[in-house]
Structure formats: structure tokens, C-alpha cells
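Chemist: next input, structure requested:
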Amino acid sequence: MTRPFTGLVLALSIFALPAAAQEISAQRLSDITRELASESYAGRAPGGPGEQKTVDFIVAQFKALGLTPAGDKGGWTQEVPLWRYQTQPGGTYTLDAGGQSKPLHEQTDLRIETQRPVERVVIRAAPMVFVGYGVTAPERGWDDFKGVDLKGKIALVLINDPDFEAMPGDAVAGKFGGKAATFYARWVYKYEEAVRRGALGVLIVHETAGAAYGWNTVVASNGESYDVVRPDPAKDKLLLQGWIQRDLAVQLFKDAGLDFEAEKARAKTAGFRPVELKGATFSADYQNTFTRMNSQNVLAAIPGAKRPGETILYAAHWDAYGVDPADPTGKVIRPGAVDDAVGVAGVIETARAFKAGPPPERTILFAAWTGEERGLLGSEYYAQRHEADLAKMVANYTFDVLQTAGPARDVVLVGSGQNELEPHLAQVAAKHRRTITPDPKPERALFYRADHFSVAKRGVPTILLMGMSGGADLISGGRAAGETWVEDYTARCYHQTCDVWAADQNYQGAADDVILAFEAGRDLANSTRWPDWNPTSEFKAVRAKTAAARK
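Modeler: Down below sits the predicted model:
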């Protein structure tokens, strides 16, 4: 029988457990980060020259701690077969509407990709249908599709949720969390829903506020994309997916005899019905190269002493961006020190802390994922192949970008308000005289952009610790200093060559956050509780489908 998540029992059991948090060392976090971000690892790209060295280092750390291998065939790794896709330059793209034919240009007008292993994509005069926000949310009484036939058609979709720009008093206001993005806001969801609806392709209208990033970010991949190898890519992936500039969409609507803003306003209502853009068609003809490659997740465990089939997962991604053409400073390696070598270090230190105490009653899993920067691919591959096991996964704690500005009075929680792990973490933080600060920028949808999401969308309650979500209230300098760190890192070094280890970085704040996740997970590991999603979360219904496995 599923037991309720009781805060009082929770708090008491924390204090009853033996202390092992001193095993989590800021110095070791720094040392491990320095190693993984060094030039000899070549930026840790999946399939790149630094992958095997990275995997070997992590495996050696797990072995030295006396962990149990949890990968393929009793080994330390899980092979992750990937496709690398590249939309080739020189393709032709055309919008026809209102008797006019307009050629479009990749990167300037459009961002296009195909995640199917096909060499050439040819689309001739495909009809276009505006499907609003492209959302089907039965629990919110929302369906943008209304049974429309999208076979052979290009769906034009708005970014974010239907209530993102709602005004007070609008019927839709707060229906999807307002400024706080849900999964329905994400482009990944919109592609997935459209392929389920039989669409040939999707073009998302880019608006900076709704996307939370500019056009330069949309086209930063330069036509490159990755996916896991799938049994039937055509079942899971659109033939064409991508983005279109807002100004082009506005003109397209005008040429079809429609007003973009008026149709967008209608899309914010539950009564919205898809609109065929009469006389408007989209054509494309381009080459698509694809290369199959293998990468590796690193997996280890501490088997549970009493309930080994029930698991708690600690994870981070080992990959970064590898070697690229030189930036303006002449550097070519993007070493990913903060994103996410320090996260891997956090997983290793958490394993060290668990090994320092008595064996946990539930199994503790430790993962270092590949392919996060290419679309959460390593974690997604794992989740697909362990779907049944996830029903008995109690919780996941993911470390992705831990701040290196020093100790803080609080920890900023990404995607706050989602599940019962959050008040639990707050109780643990209070023991250390720390507090939880809710996500200050929920509209950025960071909760849906890290590896924890691969298990979250399958119902596993998660906590994501991400130092770039908002400035922490630092012991030295307060919130202002924390914001300065976030702004500087995000503007200058996120995914860039300057994301390096440096002697003046302070890893004590990162260590303190890892300690909180360790102590929270340790408490759950020695309990029979099953934390759940909050009633307002889109994942509560997903978790409920597997409730029988937890009785």
C-alpha cells in the first residue's frame, strides 16, 4: 500500500540517521572538475576524442568507491547508439501564399532539421494549418487540434503556453501556470504532439519572449541535431521540424487573408479551432546527412539492503561541446567545467557519502549521462529501456550547473511547485539554517531542459539543482552577488570556451547543495515513503498510472 508523504516523520528520521555529509568535499569537487575540464579531455563531446578518457575516469572513481556496476551485461557502461543529423546548406525553401512565391533562407528566415535517416527531403506545396499553441491537455480542458487531419500538412505553431501572455481577467489566465512554463510550452512537446497527430512537419513561430531566447540561439546549432537510434524513426519524428521568423508568419497570415494577432488571440481560448491558411503552401528540397555513432552512459549502484527493487537516482551529464572552430580569443575547446563537470563531481561525492554510512535500505543509483547537450539523449535512452523500473524509482536528484560563487543562505529551486520532494528538501535545508528560494524565472522553462526530465515525464518525482536558475543569497555579497555570478556566467561562459576551472572559484556552495540532496535522498532511502507530484503538476496523472507497482 502506498504510504503518504508525512513531513513530521520525515523531519524526525533525518535527525536519526548517521552523519556522512562531511564526506562531500568542496576541495574534491574542485579537483574533479579541474580534471574533467582539462584540455586532455577535449571538451568531452559524445563520440569525440575525449569520450573514452572521460568514461574511464568516472568508472575509475566509481570502482575506487566500491560501487556495484549497473550498466550493460554487468558492466559500468550502457551503450547509447546515436544519430548525428546535419541539414546541408544549399537547400531551397519556398512559401506560396496570396498568389506570391517567396524564397526563404536557412538560418536567416528558417531553422530546419530532419531527425530521420533519409538523405533527401522533398516537400512539394504542402498545405499549412495554424494549430494555435499545439497543445492537448485533457486535465486542463484544452485541445488545440479538435480532430483536424494533419496528414501531408505543415503545422504552424506558437511557442510557449496559451496563458503566457494572458491578461488578468482572461479566461485562460493561470490555466497553464501563467508565466511559469509547463511542458506544453516546450518546442520538444510541440513536435511530439504534432507527430502523434500525423503532421508532415512543424514550423514554430519564433517570438523572443515566449521562447526565452533570441533567434541567434535558435540557429546556433547550424543545422546539426542528434537523436537516439529508434526502431521506427518515422513513428516518433517529423519529416521536417524547425522555426520560422515571426515577421514571415505575420505576412503569411496576411497573404492568406488573416490577421496574425487576431488568430493568436483566438488561440488563447479553449474554443480555438485549427485554421487552414487558404492558398498557402510550403515547399522544401534539401540534403540531410546522418552518421551513426555510439556513446556511453556510466552507471553504478549501491544495492538496497532491504528493498533493492526500489531506487533513488543521482545523476549529471558528463558531455560538453567538444572542439569547434576557434572563437575570437583563438580557443577551440569548450570544456564545460561548470556545465557539467562539477555536476559529475557532485554525483561522485554523493556516492562517497553513501559508502561512508550504513547500507541504505533502498538501492541508490548513480549515473553520468551522455548527450545532454544534444537533447537529453543519454538519459532518454536509459529511461526508454528502463520504463518498467521507473515505476519503483522513488526520486531523482540531478546536478546540472552548480554555482561556484561560494556558500549561500539558500538554494534556488528550478521548477518549484512541482512535487513533494520540495518541502522535504526545505526541511533538510532548515537543518543547515538554509532556505529554499522558488524559481525566480519559471518562464525560462529550465525544469524541462535538463536530464532529470527524461524520468520526470515518465512520472518519477525529481529535484533539479541548477545554479544558473537565479542568483543565490550568498554569504559574501548577498543576492546581488549571486545575481552577478549568474549573469556573468550566462552571458560570457555558458557553452563557451571560457567555461573553465579556475583557482579563484569557490566550490563550497556547490558542496553545500550536494549535501542537501544527499541527506534528502538518504532519508528516503531508509524509509517506505513514496513522494508524489502536486495536484497541479502535469506529471501527477502519469505517476498515477503505475501506482499498483508501489503497493
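Chemist: who does Trp369 bridge with?
Modeler: With DSSP bridges applied, Trp369 shows beta-bridge pairing to His317.
Chemist: which element is Gln52 on?
Modeler: helix 51-64 (DSSP states H and E).
Chemist: any weak-confidence spans in the stretch 151-300 of the chain?
Modeler: Under the criterion pLDDT under 70, no range of the stretch 151-300 of the chain is flagged.
Chemist: ranges for the strands of it?
Modeler: For the stretch 151-300 of the chain, the strands defined by DSSP state E, counting those that start in this stretch occupy 154-158, 201-206, 224-228, 240-245, 275-302.
Chemist: Lys540 is nearest to which of the ones you listed?
Modeler: strand 154-158 (25.5 Å; Cβ to Cβ). Every residue, glycine included, has its C-beta placed from N, CA and C.
Chemist: so the residue lying closest to Pro274 once chain neighbours are set aside, which of the three states?
Modeler: Closest residue to Pro274 apart from its sequence neighbours, by Cβ to Cβ, 6 or more residues apart in numbering: Val148 at 4.2 Å. When classified by DSSP: H, G, I helix; E, B strand; the rest coil, Val148 comes out as coil.
Chemist: excluding covalently adjacent residues, which one is nearest to Thr68?
Modeler: Nearest non-adjacent residue to Thr68 (Cβ to Cβ, 6+ apart): Ala301, at 4.8 Å.
Chemist: mind listing what that neighbour touches?
Modeler: Contact analysis of Ala301 by Cβ atoms under 8 Å, 6 or more residues apart in numbering lists Leu67, Thr68, Pro69, Ala70, Thr363, Ile364, Leu365, Phe366.
Chemist: and the residue nearest to Pro274, how far from Glu276?
Modeler: Look at Val148 and Glu276: by Cβ to Cβ, to the nearest Å, they are 9 Å apart.
Chemist: distance of Thr536 from Gln505?
Modeler: Taking Cβ to Cβ, one finds Thr536 at 37 Å from Gln505.
Chemist: kindly report the same for Gln100.
Modeler: 56 Å.
Chemist: so which of those two has more stuff around it?
Modeler: Gln505 (20 against 10; other Cβ atoms under 10 Å).
Chemist: just the pLDDT for the more buried one.
Modeler: On pLDDT, Gln505 comes in at 97.
Chemist: just to check, it is in contact with Gly406?
Modeler: No - Gln505 lies out of contact with Gly406 (Cβ atoms under 8 Å); the separation is 9.0 Å.
Chemist: what about the helices in the stretch 351-500 of the chain?
Modeler: For the stretch 351-500 of the chain, helices defined by DSSP state H, counting those that start in this stretch occupy the ranges 377-385, 421-431, 452-456, 478-488.
Chemist: pLDDT on the shortest one, on average?
Modeler: Computed over helix 452-456, the mean pLDDT rounds to 96.
Chemist: dump the C-alpha coordinates for stretch 503-514 into CSV.
Modeler: Taking Å, rounded to 0.1, in the frame of the first residue of the first chain, the C-alpha atoms of stretch 503-514 are listed here in CSV:
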residue,chain,number,x,y,z
ALA,A,503,41.7,28.7,-8.9
ASP,A,504,39.5,31.6,-7.7
GLN,A,505,36.3,29.6,-8.0
ASN,A,506,34.7,28.7,-4.6
TYR,A,507,33.2,25.2,-4.6
GLN,A,508,31.8,25.3,-1.0
GLY,A,509,28.4,26.5,-2.2
ALA,A,510,28.3,23.6,-4.7
ALA,A,511,29.3,21.2,-1.9
ASP,A,512,26.6,22.6,0.4
ASP,A,513,23.9,22.0,-2.2
VAL,A,514,25.1,18.4,-2.9
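Chemist: which residues outside it are in contact with it?
Modeler: So stretch 503-514 is in contact with 24-27, 29-30, 33, 342, 346, 349-350, 399, 402-408, 411, 432, 434, 465, 467, 472, 474, going by Cβ under 8 Å, 6+ apart.
Chemist: what sits against the most far-flung residue of the chain relative to its centre?
Modeler: Distance from the centre of the chain peaks at Gly99, with 42.0 Å (Cα atoms, centre = their mean). Listed by Cβ under 8 Å, 6+ apart, the contact partners of Gly99 are Gly279.
Chemist: would you check that Met128 makes contact with Lys278?
Modeler: No - using Cβ under 8 Å, Met128 is not in contact with Lys278, being 9.4 Å away.
Chemist: where does pLDDT dip in this protein?
Modeler: For the chain, the ranges with pLDDT under 70 are 1-21.
Chemist: residues contacting Val338?
Modeler: Val338 neighbours (Cβ under 8 Å, 6+ apart): Thr33, Val401, Leu402, Gln403, Thr404, Gly467, Tyr489, Cys493, Asp499.
Chemist: can I get these in JSON lines with distance to Tyr448?
Modeler: Formatted as JSON lines, these follow (distance: Cβ to Cβ, whole Å):
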{"residue": "Thr33", "distance to Tyr448": "26"}
{"residue": "Val401", "distance to Tyr448": "15"}
{"residue": "Leu402", "distance to Tyr448": "19"}
{"residue": "Gln403", "distance to Tyr448": "21"}
{"residue": "Thr404", "distance to Tyr448": "24"}
{"residue": "Gly467", "distance to Tyr448": "18"}
{"residue": "Tyr489", "distance to Tyr448": "21"}
{"residue": "Cys493", "distance to Tyr448": "23"}
{"residue": "Asp499", "distance to Tyr448": "22"}
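Chemist: of these, which is the nearest to Arg522?
Modeler: Leu402 (18.8 Å).
Chemist: would you confirm that that closest one contacts Gly343?
Modeler: Yes - counting by Cβ under 8 Å, Leu402 touches Gly343, with 6.2 Å between them.
Chemist: who has more neighbours, the two?
Modeler: Gly343 (33 against 27).
Chemist: how close does that one get to Cys498?
Modeler: In terms of Cβ to Cβ, Gly343 sits 18 Å off from Cys498.
Chemist: what does Val542 give?
Modeler: Relative to Cys498, Val542 is positioned 39 Å away (Cβ to Cβ).
Chemist: same deal with His452?
Modeler: Taking Cβ to Cβ, one finds His452 at 26 Å from Cys498.
Chemist: quick one, which of these two is more surrounded?
Modeler: A direct count of neighbours by other Cβ under 10 Å for His452 and Cys498 places His452 higher, at 29 against 15.
Chemist: who touches that one in this structure?
Modeler: Ala315, Ser379, Asn396, Thr398, Asp400, Thr462, Ile463, Leu464.
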